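A.B. asks: Give me a 3D structure for the following:
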Amino acid sequence: MTRSVKIDLAGQRFSIRTDAKPKYVKELAAFVTKKIEEARSTGKIATTQSLALLAAMSIADELYQERESRARLSRRVREKSQKILRYLNQEAKL
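C.D. replies: A predicted model of the protein is given here:
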């Protein structure tokens with residue numbers, strides 16, 4: 001069900017049409033606003049566009065790190081599972 005959710009994003013008011021729960025959309029807006037504020041705290045960036053781009057880079061960095069972490073975990077689980085299967089196969093032959 002599509003609904004309109006009002007959010008504040010870096011001091012600007014938006015109305016977003018979405019199927020997502022309002023609480024989730026507001027959490028996303030708060031997260032992005034936090035990233036923009038972190039970029040602003042460096043004191044070197046003046047334009048909203050530049051702050052938004054730096055926030056986007058920070059979010060992209062977090063996403064890529066999480067993906068890499070998940071891939072490493074997936075590899076470790078696969079390796080351990082294969083080890084367990086080999087062990088079980090060896091035990092079954094005894």
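
A.B. asks: where does this structure have low pLDDT?
C.D. replies: The chain contains no residues with pLDDT under 70.

A.B. asks: same thing but 90
C.D. replies: Within the chain, the stretches with pLDDT under 90 are 1-2, 10-11, 39-40, 42-49, 91-94.

A.B. asks: what about the strands in it?
C.D. replies: Per DSSP state E, the chain carries strands over the ranges 3-9, 12-18.

A.B. asks: most packed of the ones you listed?
C.D. replies: strand 3-9 (a mean of 14; mean count of other CB atoms under 10 Å). (C-beta placed from N, C-alpha, C; glycine too.)

A.B. asks: Just the angle for that one relative to strand 12-18, thanks.
C.D. replies: Inter-element angle recorded for strand 3-9 and strand 12-18: 150 degrees (by axes from the mean of the first three to the mean of the last three CA atoms, to 10 degrees).

A.B. asks: so what strands line up beside strand 3-9?
C.D. replies: Strand 3-9 has the following strand partners under DSSP bridges: strand 12-18 (antiparallel).

A.B. asks: Throw the strands of the chain into a markdown table and include distance to Gly43, thanks.
C.D. replies: Formatted as a markdown table, those follow (distance: least, CB to CB, whole Å):
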| stretch | distance to Gly43 |
| --- | --- |
| strand 3-9 | 21 |
| strand 12-18 | 21 |
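
A.B. asks: Compare those and report which one is nearest to Ile36.
C.D. replies: With CB to CB as the criterion, Ile36 lies closest to strand 3-9 of the strands of the chain, at 8.2 Å.

A.B. asks: Let's see the closest one as PDB, backbone CA atoms only.
C.D. replies: Listed next in PDB are the C-alpha coordinates belonging to strand 3-9 (Å, rounded to 0.1, in the frame of the first residue of the first chain):
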ATOM      1  CA  ARG A   3       1.400   6.100   1.400                       C
ATOM      2  CA  SER A   4       2.900   9.500   1.800                       C
ATOM      3  CA  VAL A   5       5.500   9.900   4.500                       C
ATOM      4  CA  LYS A   6       6.800  13.400   5.600                       C
ATOM      5  CA  ILE A   7      10.400  13.500   6.500                       C
ATOM      6  CA  ASP A   8      13.100  16.100   7.400                       C
ATOM      7  CA  LEU A   9      16.300  15.500   5.500                       C
END
